[in-house]
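Undergrad: The following comprises the amino acid sequence and a computationally predicted model.
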Amino acid sequence: MNKRFYESLFLHNPNACYLLDKNGKFLDFNENTIKLTGYAKNELVEMDFLPLFEGRDQSYITEKFQSTLKGEKSHFNTKIITKHHREVFIHITCVPVLIENNIYGVVGIAEDITNEVIRKKEQEHELSIAMQTQFSLLPQPLTSGSVHIEGVYYPSELLSGDMYCFAKLDESRYALSILDVMGHGVTSSLIAIASISYLRGQLTPTVNPKTLMEDLNEHIFELFNLRSAVPTFVTALSLVIDVDKKIIEYTNAGHPPGVVTTEQEQLLLPSLNIPLGLMKDSQFKSKTITFAGKARVILYSDGFAEAFSPSISSFVTQFSTCLRKTFSFNNSQFVQKMKQDLPDNRMKQTDDLSMVSMTIEKQ
């Protein structure tokens, strides 16, 4: 019975299984150890385990071996170099051989995880390309006469569900949009990329926020919700500003309220509609407001607000005070202050974070 049990656990183990003495020499091993290392049986019995590892890894492996000889079990990932100089990534489990309270050696089980490691590296490479693509879609800071626009963008993961765009439409008109896809990560980023790419293509001199949001809503619904059992939605705020006529036309689809600050007043751009993607033929409302003199327009995601305050409403109050105190700043100074004021734990943020600041100086 003991022999069959031993053969089942050791000799017939689907992974490489081996027994080392206290000096690290091979005492016994199964056929899979021979296949994994590439060394023949007569070669393994004449060597210890350490030469299987690269020089820079040997001190770490020795440390693990010594801790096992002290009675500690361990699990870790590492890499060996086979007899034919091939790299093989393995997951090792080390257990001390304990007989009558004395440790006589170490039993190790090595699982080949090379394919898993390669797939992970390929996925990381693909995510890196996707991240570069997403960053490339974000506009560079824009300065044109009295107008200055710049964005702040911090994804919670490699990819983000937040994105924004802005552009000069003609000599006096500018368009700004910001959107936030439900959730975050790969799926949300794909929807965000598709949405912002669509928006960028619609920024022509004849664009208006109402039609823009209605078209984007239909685009999102048909691409992501028409045949999906799990619907998604996108909050968005889009506006067109005529800096000569001092007019802002905007539509807000379930997004946190934008803020317009002037020397005389502060105006909010609250939600007027349901989020995008929920219904194909939704009709969206827009609103027009006017301003005078210098103005600063701020669009932001809920992740940006939550970095400063636990709720949107409390953030708006807090942010309004900040905007008044920094109204004399130029746009770059204001954006830099916002970056500096972000909490120190931003690297542990759980939501994507973005903001767009547009400053219109006096004309």
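TA: Nice, I can see it.

Undergrad: And for the residue lying closest to Val335 once chain neighbours are set aside, the neighbour number?
TA: Excluding its sequence neighbours, the residue lying closest to Val335 (CB to CB, 6 or more residues apart in numbering) is Glu150, at 4.9 Å. Every residue, glycine included, has its C-beta placed from N, CA and C. Neighbour count for Glu150, taken as other CB atoms under 10 Å: 21.

Undergrad: Quick check: Glu150 touching Ser354?
TA: No. Between Glu150 and Ser354 there is no contact under CB atoms under 8 Å: 11.7 Å.

Undergrad: Which helix or strand contains the residue nearest to the spatial centre of the chain?
TA: Among the residues of the chain, the one closest to the centroid is Glu157, at 1.7 Å (CA atoms, centre = their mean). Here Glu157, judged by DSSP states H and E, is contained in no helix and no strand.

Undergrad: Check Gly293 too.
TA: Element membership for Gly293, per DSSP H and E: none, as it lies in no helix or strand.

Undergrad: For it, give its distance to Val243.
TA: 11 Å (CB to CB, to the nearest Å).

Undergrad: Looking at those two, which is more packed in?
TA: More neighbours sit around Val243 than around the other of Gly293 and Val243, counting by other CB under 10 Å; the figures are 22 against 12.

Undergrad: next one: phi and psi at the spatially closest residue to Leu179 that is not a sequence neighbour?
TA: In space, and not counting its chain neighbours, Leu179 is closest to Ala236: 4.1 Å by CB to CB, 6+ apart. Backbone dihedrals for Ala236, given as degrees, to the nearest 10, come out at phi -150, psi 150.

Undergrad: ok, Ala236 to Met163 distance?
TA: 10 Å.

Undergrad: list the residues that contact both of these two?
TA: Counting by CB atoms under 8 Å, 6 or more residues apart in numbering, the common neighbours of Ala236 and Met163 are Ile178, Leu179, Ser195.

Undergrad: Could you identify the helix or strand that succeeds the helix or strand where Ala110 lies?
TA: Under the criterion of DSSP H and E, Ala110 resides in strand 102-112. Proceeding C-terminally, strand 102-112 gives way to helix 114-137 as the next helix or strand, assigned by DSSP H and E.

Undergrad: quick one: Gly151 is in a strand?
TA: Yes. The assignment for Gly151 (DSSP: H, G, I helix; E, B strand; the rest coil) places it in a strand.

Undergrad: Number the chain from 258, please
TA: Yep, numbering from 258; the last one is Gly408 now.

Undergrad: give me the number of residues near it?
TA: The number of residues packed near Gly408 is 22, by other CB under 10 Å.

Undergrad: didn't it look like it was pressed against Phe392?
TA: No. In this structure Gly408 lies outside contact range of Phe392 using CB under 8 Å: 11.1 Å.

Undergrad: check contacts around Met612.
TA: Gly408, Val409, Ile555, Leu556, Tyr557, Ser558, Phe561, Val592, Met595.

Undergrad: Recalculate using a threshold of 10 Å.
TA: Applying CB atoms under 10 Å, 6 or more residues apart in numbering, one finds that Met612 lies in contact with 407-411, 419, 421, 435, 555-558, 560-562, 564, 592, 595-596, 599.

Undergrad: Next one: it, what pLDDT does it get?
TA: If you check Met612, the pLDDT there is 94.

Undergrad: Mind telling me what element it is part of?
TA: strand 610-617.

Undergrad: Just the buried ones out of the contacts of Met612, please.
TA: Taking 16 or more other CB atoms under 10 Å as the criterion, what is buried in the contacts of Met612 is 407-411, 419, 421, 435, 555-558, 560-562, 564, 592, 595, 599.

Undergrad: Met304 reaches Phe286, doesn't it?
TA: No. Counting by CB atoms under 10 Å, Met304 stays clear of Phe286, with 11.2 Å between them.

Undergrad: on that earlier part again, inside helices: which ones of the buried ones among the contacts of Met612?
TA: Mapping those onto helices (DSSP state H) picks out Gly560, Phe561, Ala562, Ala564, Val592, Met595.

Undergrad: follow-up on the earlier one: and the strand holding Met612, how far out from the chain middle?
TA: What separates the centre of strand 610-617 from the centre of its chain is 21 Å, taken as CA atoms, centre = their mean, to the nearest Å.

Undergrad: Within its sheet, name the partner strands of it and how each one runs.
TA: Sheet neighbours of strand 610-617, with direction, are listed as strand 404-411 (antiparallel), strand 552-557 (antiparallel) (DSSP bridges).

Undergrad: what bits of the stretch 358-507 of the chain have low per-residue confidence?
TA: Regions of the stretch 358-507 of the chain meeting the criterion pLDDT under 70 cover residues 483, 485-487.

Undergrad: Select the longest strand from this structure.
TA: Using DSSP state E, we find that the single longest strand of the chain is strand 344-356.

Undergrad: Direction included, what does that strand pair against?
TA: When pairs are called by DSSP bridges, strand 344-356 turns out to pair with strand 331-338 (antiparallel), strand 359-369 (antiparallel).

Undergrad: before we move on, back to that, how close does the residue nearest to the centre of the chain sit to Val491?
TA: Taking CB to CB as the criterion, Glu414 is separated from Val491 by 18 Å.

Undergrad: wait, what's in contact with Asp608?
TA: Shown here is Asp608, whose contacts under the criterion CB under 10 Å, 6+ apart are 411-413, 417-419, 437, 440-441, 558-564.

Undergrad: For it, which three-state class applies?
TA: Secondary structure of Asp608, reduced to three states by three-state DSSP: coil.
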